[in-house]
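Peer 1: mind folding the following:
(one chain, ligands or ions: 1)
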Amino acid sequence: MKKTDLAKFKKVLEEQLVELQKDASVKLVEANSNNSALPDVNDQASFETERNFELRIKDRERKLISKYQKVLRKIDDGTYGVCESCGGEIGVKRLQARPVTTLCINCKSEMEAEERRQENLMQHGGRSIKGSTGGSAPFV
Ligand SMILES: [Zn+2]
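Peer 2: Numbering: from 1, shown residues only. Okay, here's the model as predicted:
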């Protein structure tokens, strides 16, 4: 990838990361200020539900933030835009659409197909597994 492209991606990623972190810290303050008064048990219960929900969102945010930090490191060490799975080029167009991606479109769709297979297996009670030893792990 060209140095100018890299610089552009770095700027975009850094800006998005700053936004994310701003967002995350605002929500944290709100969550803490809700913490004070809990009049009755019902409120307590819905508070817990809300809190779990928020924790899940925060978890996702945290993962996303670390993803940004990871790809920013990749820009610095020169591996940005290289597919983590096959080592091929991810392609500028794909990176423009999804700057935090670390997989090329082929590997990504393979992975998604694999995830769907796993989901199907779980939904159908795994009856299509015939003496499988669980040894199929294509992304190790
Ligand atoms: Zn790939």
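Peer 1: could you use CA atoms for every contact and neighbour count after this?
Peer 2: OK.
Peer 1: quick one: buried residues of stretch 82-93?
Peer 2: By neighbour count with 16 or more other Cα atoms under 10 Å, stretch 82-93 contains the buried residues 82-85, 89-90, 92.
Peer 1: so which of the residues you listed reach the ion?
Peer 2: 83, 85 (Cα under 5 Å from the ion).
Peer 1: what's the pLDDT at V41?
Peer 2: If you check V41, the pLDDT there is 70.
Peer 1: any idea how far V12 is from it?
Peer 2: 46 Å (Cα to Cα, to the nearest Å).
Peer 1: who has more neighbours, these two?
Peer 2: Here V41 and V12 are compared on neighbour count by other Cα atoms under 10 Å; more neighbours surround V12, at 13 against 9.
Peer 1: who does the host helix or strand of that one touch, helix- and strand-wise?
Peer 2: Assigned by DSSP states H and E, V12 falls within helix 3-33. Packing partners of helix 3-33 (3 or more Cα pairs under 8 Å, 6 or more residues apart in numbering; DSSP states H and E): helix 41-77.
Peer 1: mind listing what's buried in the helix it packs on?
Peer 2: Buried residues in helix 41-77, counted by 16+ other Cα under 10 Å: 58, 61, 65, 67-69, 71-72, 74-75.
Peer 1: got the angle between that helix and helix 3-33?
Peer 2: Orientation check (axes from the mean of the first three to the mean of the last three Cα atoms, to 10 degrees): helix 41-77 against helix 3-33 gives 160 degrees.
Peer 1: quick revisit: okay, and which of the buried residues of stretch 82-93 map to helices?
Peer 2: Members of those lying in helices (criterion: DSSP state H): V92.
Peer 1: now, the most widely separated pair of the buried residues of stretch 82-93?
Peer 2: Farthest-apart pair in the buried residues of stretch 82-93 is S85 and V92; separation 17.2 Å (Cα to Cα).
Peer 1: buried residues in the lowest-mean-pLDDT helix or strand in the chain, which are they?
Peer 2: Here the helix or strand of the chain ranked lowest by mean pLDDT, DSSP states H and E is helix 3-33, holding a mean of 84. Within helix 3-33, the residues scored as buried using 16+ other Cα under 10 Å are 6, 9-10, 13, 17, 20, 24.
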